[in-house]
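Student: generate coordinates for the sequence data below:
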Amino acid sequence: MQTIRSKVLPGDTGQQTGQHRGREFSPLLAGVAVAVGGVGAMLALVDLDSPLRGPFTLFFLLAAPAAAIGAALGALDPWGRAVAAVSGAVAVDILVAQGMLALHVWSIRGGVVAVTVLSALFLLLTVARRPRRRTARRWTS
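Tutor: As a prediction, the model looks like this:
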């Protein structure tokens, strides 16, 4: 019988290696991003005078469409997906602003609502388009 041992590097304190450290913070960072985006959207919709309204709303206007587009581009590598998602988010924001200006209905609240609706629509279409995994049914007699 052979014993399998892991190699311990000098100076290693038993903590995780560098390649696994980012994985433990991913859910935390996602939660913080959702909270910041939600606060930004609410500050813009309520029209509360706060110094955080501008940066948080801008974060929401970039993060919401980027998350929806990034979910649709699941087949790309992470860096390519991030670049495409952020570029798509900027394009969505510009198209919403241009459309609202052309129709003479521009408002901050309307822009936030329009970006929210488009992002939710992209995300719902992505979820609806994914194939469902069905398990094989066994018939018993």
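Student: show me where pLDDT drops low in this protein?
Tutor: Where the chain drops to pLDDT under 70, the residues are 1-23, 133-141.
Student: ok, 80 please
Tutor: Residue ranges of the chain with pLDDT under 80: 1-26, 130-141.
Student: now the helices for it?
Tutor: For the chain, the helices defined by DSSP state H occupy 18-46, 53-72, 78-102, 108-129.
Student: as CSV, these with mean neighbour count would be great.
Tutor: All C-beta atoms are positioned from the backbone trio N, CA, C, and that covers glycine. Below are these laid out as CSV (neighbours: other Cβ atoms under 10 Å):
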stretch, mean neighbour count
helix 18-46, 13
helix 53-72, 20
helix 78-102, 14
helix 108-129, 15
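Student: need the residues that contact stretch 67-76.
Tutor: 80-82, 84-85, 88-89, 92, 118-120, 122-123, 125-127 (Cβ atoms under 8 Å, 6 or more residues apart in numbering).
Student: try 6 Å this time
Tutor: 81, 84-85, 88, 119, 122-123, 126 (Cβ atoms under 6 Å, 6 or more residues apart in numbering).
Student: spatially nearest residue to residue 40 (excluding sequence neighbours)?
Tutor: residue 56 (3.0 Å; Cβ to Cβ, 6 or more residues apart in numbering).
Student: OK, contacts around the one you found?
Tutor: Applying Cβ under 6 Å, 6+ apart, one finds that residue 56 lies in contact with 36, 39-40, 43.
Student: next one: residue 118
Tutor: Applying Cβ under 6 Å, 6+ apart, the residues contacting residue 118 are residue 92.
Student: can you do 7 Å?
Tutor: With contact taken as Cβ atoms under 7 Å, 6 or more residues apart in numbering, residue 118 is in contact with 65, 92, 96.
Student: and which of the residues you listed is nearest residue 29?
Tutor: residue 65 (18.5 Å; Cβ to Cβ).
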